[in-house]
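sequence and predicted structure below; questions after.
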Amino acid sequence: MPARLTFGQIAEGGGVRDDVSRVTRDLIRRSNEAAAADARVHLYVISCDSCAAAKACCACVVTAYLYEAIPIAARLVRARRDTPALRMRLRDAAERMEAVGADGHVGPCVFLDAAERCTIYDDRPAVCGAHLVSSPAEHCARPGGEVTAIAAPLLEAVQPETAEVVAEALGLEPIDAPYFGALPRMVLLCLEAWARPDYARFLGEHGRAAAAAIAVMAARTSR
Ligand code: SF4
Ligand code: SF4
């Protein structure tokens, strides 16, 4: 009987990584173009275009679909950044996001470096790439600062359907919710599944728990 392929082999060899990466890059580009067009029509400035402030937007809860974490995990594996220390930091960050209070502050993202740069920039999830504000940059870091986010409706139009298509292509179990959760949780799950031939069972079990945890967090913070 031929050996079953691992999650990493399917993601890399089957072209899944390239396909989902293309979808996310295209989505970010189109969303940003739509925001720029809206800013021109309604005469406002997108503060993120010239932001030199500390990246407060990288210290909040960040969510992602599991498929968006595949290129990130592939990048970490290729760069030999998948270490026990990184997995521990991802687990801690995921737990902090899932337990976050109403202020939404969880501390700097695992992928933000000391110079305020995203170390997975080309593979960042759509919610990061499409998050733009028209309020002054200094408001982002100010407790209680009024922040005006620019709507990014394309994400909702594209992402849930993409998640379904990718889950089916990977043979993942239906879990009554999208494979979606805190970004560090999704990346951690991909790394943990990377070398497993039984990844579908593993991701089904843990994907269900991750989706439930982030749903509880969302319900708590929207009150
Ligand atoms: S969201 Fe705020 S902190 Fe983040 S890049 Fe935009 S202006 Fe800067
Ligand atoms: S993935 Fe990158 S852009 Fe997104 S929150 Fe983390 S450091 Fe910021």
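Arrived safely. Numbering: from 1, shown residues only. Ligands and ions are numbered 1, 2, ... in the order given.

and residue 73, which helix or strand is it part of?
Element membership of residue 73, judged by DSSP states H and E, is helix 66-78.

can the helix or strand following that helix be found next to ligand 2?
Toward the C-terminus, helix 66-78 is succeeded by helix 84-98 as the next helix or strand (DSSP H and E). No - legend: contact between helix 84-98 and ligand 2 by CB under 6 Å from any ligand atom is lacking; minimum distance shown is 9.5 Å. Where C-beta positions appear, they are placed from N, C-alpha and C, glycine not excepted.

I'd like the next helix or strand past helix 84-98.
For helix 84-98, the succeeding helix or strand toward the C-terminus, using DSSP H and E, is helix 126-129.

for the residue sitting nearest the centre point of the chain, give me the pLDDT.
Taking CA atoms, centre = their mean, the centroid of the chain lies closest to residue 64, which sits 3.2 Å from it. Residue 64 is assigned 97 on the pLDDT scale.

what kind of secondary structure is it in?
Following DSSP: H, G, I helix; E, B strand; the rest coil, the label given to residue 64 is strand.

burial count for the closest residue to it other than its chain neighbours?
With CB to CB, 6 or more residues apart in numbering as the criterion, residue 64 has its nearest non-adjacent residue at 4.0 Å, and that residue is residue 125. For residue 125, the neighbour count with other CB atoms under 10 Å is 26.

check contacts around residue 125.
24, 62-65, 68-69, 72, 183 (CB atoms under 8 Å, 6 or more residues apart in numbering).

just the closest of those to residue 206, please.
Residue 206 lies nearest to residue 69 out of these, by CB to CB, at 12.2 Å.

my guess is that closest one meets residue 189, correct?
Yes - contact between residue 69 and residue 189 holds when scored by CB atoms under 8 Å: they sit 7.1 Å apart.

so the lengthiest helix in the chain versus helix 66-78, what angle?
In the chain, assigned by DSSP state H, the helix with the most residues is helix 16-42. The directions of helix 16-42 and helix 66-78 differ by 120 degrees, with axes from the mean of the first three to the mean of the last three CA atoms, to 10 degrees as the criterion.

buried residues in helix 16-42?
Burial within helix 16-42, assessed by neighbour count using 16 or more other CB atoms under 10 Å, is assigned to 16-17, 19-21, 23-25, 27-28, 31-32, 34-35, 39.

closest to residue 133 out of the residues you listed?
In terms of CB to CB, no member of the buried residues of helix 16-42 lies closer to residue 133 than residue 35, at 10.1 Å.

spit out the contact partners of that closest one.
46, 130, 132, 150, 152 are the contacts of residue 35 under CB under 8 Å, 6+ apart.

ligand 2 next: which of the residues you listed are close?
Of the residues in the contacts of residue 35, proximity to ligand 2 by CB under 6 Å from any ligand atom holds for none.

of all those residues, which comes closest to residue 88?
Closest approach to residue 88 among these (CB to CB): residue 130, at 29.5 Å.

around ligand 1, pick out the residues from this protein.
Contact residues, the chain versus ligand 1 (CB under 6 Å from any ligand atom): 47-48, 51, 53, 55-57, 131, 133, 137, 140.
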